[in-house]
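Engineer: show me the folded form of this:
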Amino acid sequence: MRITNIQQLIDQAKFNKFHLMVLLWCSFLMIFDGFDLTVYGAVVPVLMKNWNLSPIEAGVLGSYALFGMMFGAMIFGTLADKLGRKKVILICVFIFSLFMILTALTTSPKAFGLCRFITGLGLGGVMPNVIALISEYSPKALRSRMVSIMMAGYSIGGMIAATLSIILVPNFGWQSVFVFAGLPLLFIPFMIRYLPDTIGSHMARKEFTKTKEILVKLEPQYSPAESEQLTLKSSNKASFPVFTLFLERRGLSTILFWIAFFMSLLMIYGLNTWLPKLMTVAGFPLGSSLSFLLALNIGATIGAVVMGWLADTWGTKRVLILFYTLAALTIMCLGFAQNMVLLYILVAFAGAATIGTQNIANSYVSQYYPISMRSTGLGWALGIGRIGAIVGPTVGGILLSSNTSIQINFIAFAIPGAIAAFVIYLTNNKLSSITIQEDQTEQFS
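Structural biologist: So this is what the prediction gives:
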């Protein structure tokens, strides 16, 4: 009887059409996740004027979606390890697309906040699952690059949101950009047909024929045998999956990941929410202020691709430490630069070193945990990180209300970058040393 090690087959596979299909679908979903990251910051000056909101009220209103993302990442990340990633992804896409459209119909801050919270539930559940999905199917030599390319969609979504806001908001109102964000609803039937579930999910459901079909697509040279034993490493300690994040010497690194994600998302959401408003306060008109938001996401898009290549070449941990440090430096310099060209360059570097670096951090954490708890590990890291995402807009609102200088505002968003670099330095990056004591072995003939 032939024994096939599924993980080894995936790791050694050559990039092909199947990998491209998974990459395109996951990137498509990340575009709309990134769209949401930027869209509130793009419309907040208009909402503050229309609804007479103070900076603190606007910051709190922006946090509703982030509360939803926090709970969504924790709930749906854990749920996917039991129900399967594809099913949970489809549920989350339906939730966030529908409530993006409903957000456009709101006429009060309370209704707006409620819709944003439910939108956040769906968005929070999508990210850990698409990252886990693409990580599971990526060849080992290309894993960081594939995750980074997919996460570039996150930054592209931010670019689209900033560009559409410049064009649509003055002509059609702030509601128009939220209607656009409901577009994924139309693609759900295609995702049902073409988006694959993970090998782990098929094995858990004993769908062996489907498993073999996917393996043939992953590695065309693989030929199913009549009598074959498939092996896939996973942990059998999944009855309380969150607890397993602290077993087998993973506990300290798990806590450090949570701290790094908290700091990273504080920087990202603080900047994306308040950069246009900060630039308006600094004397730039709204159109120019939104163009800074566009520059931020252009930098993030380029940075995501470049850092994916660097992570596969230099090592993910080194790249994370380097670019979190760069994030702190560039954000701090934003408060002191006067030259317009220099400002755009610094903003672009800040985008690369914040959003781009977070993309690599997602890949790092996803690869750290074994398959059976991958969504749980990343989901909880992102969930805890969302607390930082909630704090970021709120802190920005408090600083603006306190009439502090522009320099102090940017320094406040720079400090978390230095902290993130330090805690990543302390993590255990010897992933291969973290072993799984038991194998889940499925057999069919």
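Engineer: what's the closest non-adjacent residue to residue 42?
Structural biologist: Spatially, and ignoring its direct neighbours in sequence, residue 42 is nearest to residue 165 (3.6 Å; C-beta to C-beta, 6 or more residues apart in numbering). For the C-beta atoms, the positions are set from N, CA and C on the backbone; glycine is no exception.
Engineer: which elements pack onto whatever helix or strand that neighbour lives in?
Structural biologist: When elements are assigned from DSSP states H and E, residue 165 belongs to helix 143-172. Contact analysis of helix 143-172 by 3 or more C-beta pairs under 8 Å, 6 or more residues apart in numbering; DSSP states H and E lists helix 17-50, helix 109-137, helix 175-180, helix 286-314, helix 357-368 as its packing neighbours.
Engineer: how about the helix or strand residue 62 falls within: buried residues?
Structural biologist: Element membership for residue 62 (DSSP H and E) is helix 55-83. If you call a residue buried by 16 or more other C-beta atoms under 10 Å, then helix 55-83 has these buried ones: 55-81.
Engineer: so what does the next helix or strand after that helix touch, helix or strand wise?
Structural biologist: Read in the C-terminal direction, the helix or strand following helix 55-83 is helix 85-104, with elements assigned using DSSP H and E. The contact analysis (3+ C-beta pairs under 8 Å, 6+ apart) places helix 85-104 against helix 17-50, helix 55-83, helix 109-137, helix 175-180, helix 188-194.
Engineer: out of those, nearest to residue 229?
Structural biologist: Residue 229 sits nearest to helix 109-137 of all the helices and strands packed on helix 85-104, at 20.2 Å, using C-beta to C-beta.
Engineer: pLDDT (mean, whole number) over that closest one?
Structural biologist: Here helix 109-137 scores 89 as its mean pLDDT.
Engineer: now do stretch 347-356
Structural biologist: If you average the pLDDT over stretch 347-356, you get 87.
Engineer: then stretch 413-422?
Structural biologist: Averaged across stretch 413-422, pLDDT comes to 94.
Engineer: now for the helix holding residue 62, which elements pack on it?
Structural biologist: For helix 55-83, where contacts count as 3+ C-beta pairs under 8 Å, 6+ apart, the packed elements are helix 17-50, helix 85-104, helix 109-137, helix 241-244, helix 251-281, helix 374-401.
Engineer: pLDDT (mean, whole number) over that helix?
Structural biologist: 82.
Engineer: ditto for stretch 201-213
Structural biologist: Predicted confidence along stretch 201-213 averages 77 (mean pLDDT).
Engineer: start and end of that stretch, how far apart?
Structural biologist: Start to finish, the residues bounding stretch 201-213 are 14 Å apart (C-alpha to C-alpha, to the nearest Å).
Engineer: ditto for stretch 45-57
Structural biologist: End-to-end distance for stretch 45-57, by C-alpha to C-alpha: 12 Å.
Engineer: if I look at residue 48, how far off is residue 95?
Structural biologist: Going from residue 48 to residue 95 by C-beta to C-beta, to the nearest Å gives 27 Å.
Engineer: same question for residue 363.
Structural biologist: Noted for residue 363: a distance of 25 Å to residue 95, by C-beta to C-beta.
Engineer: with neighbour numbers in mind, choose between the two.
Structural biologist: Comparing residue 363 with residue 95 by neighbour count (other C-beta atoms under 10 Å), the higher total belongs to residue 363, at 29 against 22.
Engineer: surely the more buried one meets residue 144?
Structural biologist: Yes - under the criterion of C-beta atoms under 8 Å, residue 363 is in contact with residue 144, at a separation of 5.1 Å.
Engineer: between those two, what contacts are shared?
Structural biologist: Between them, residue 363 and residue 144 share these contacting residues under C-beta atoms under 8 Å, 6 or more residues apart in numbering: 308, 311, 316.
Engineer: show the contacting residues for the second one.
Structural biologist: Residue 311 makes contact with 144-145, 148, 319, 360, 363-364 under the criterion C-beta under 8 Å, 6+ apart.
Engineer: need the pLDDT of it.
Structural biologist: Confidence per residue is given as pLDDT, and for residue 311 that number is 81.
Engineer: how about the last one?
Structural biologist: pLDDT for residue 316: 84.
Engineer: the nearest residue to it once chain neighbours are set aside: neighbour count?
Structural biologist: Of all residues not flanking residue 316 in the chain, residue 364 sits nearest, at 4.6 Å (C-beta to C-beta, 6+ apart). Residue 364 is flanked by 25 other residues according to other C-beta under 10 Å.
Engineer: show me the contacts for residue 364.
Structural biologist: Under the criterion of C-beta under 8 Å, 6+ apart, the neighbours of residue 364 are 311, 316-317, 320, 429.
Engineer: okay, it and residue 403: tell me how far apart.
Structural biologist: 39 Å.
Engineer: just give me the closest of the shared contacts of residue 363 and residue 144 to residue 196.
Structural biologist: The shortest separation between residue 196 and any of the shared contacts of residue 363 and residue 144 is 21.8 Å, and it belongs to residue 308 (by C-beta to C-beta).
Engineer: without its sequence neighbours, what residue ends up closest to that closest one?
Structural biologist: Of all residues not flanking residue 308 in the chain, residue 148 sits nearest, at 2.5 Å (C-beta to C-beta, 6+ apart).
Engineer: of all residues in the protein, which one is nearest the centre?
Structural biologist: For the chain, residue 127 is the residue whose C-alpha lies nearest the centre (C-alpha atoms, centre = their mean; 5.0 Å).
Engineer: ok, it - contacts?
Structural biologist: 30, 33, 73, 362, 382.
Engineer: show me the shaky parts of the stretch 301-445 of the chain.
Structural biologist: Within the stretch 301-445 of the chain, the segments meeting pLDDT under 70 span 371-372, 375, 429-445.
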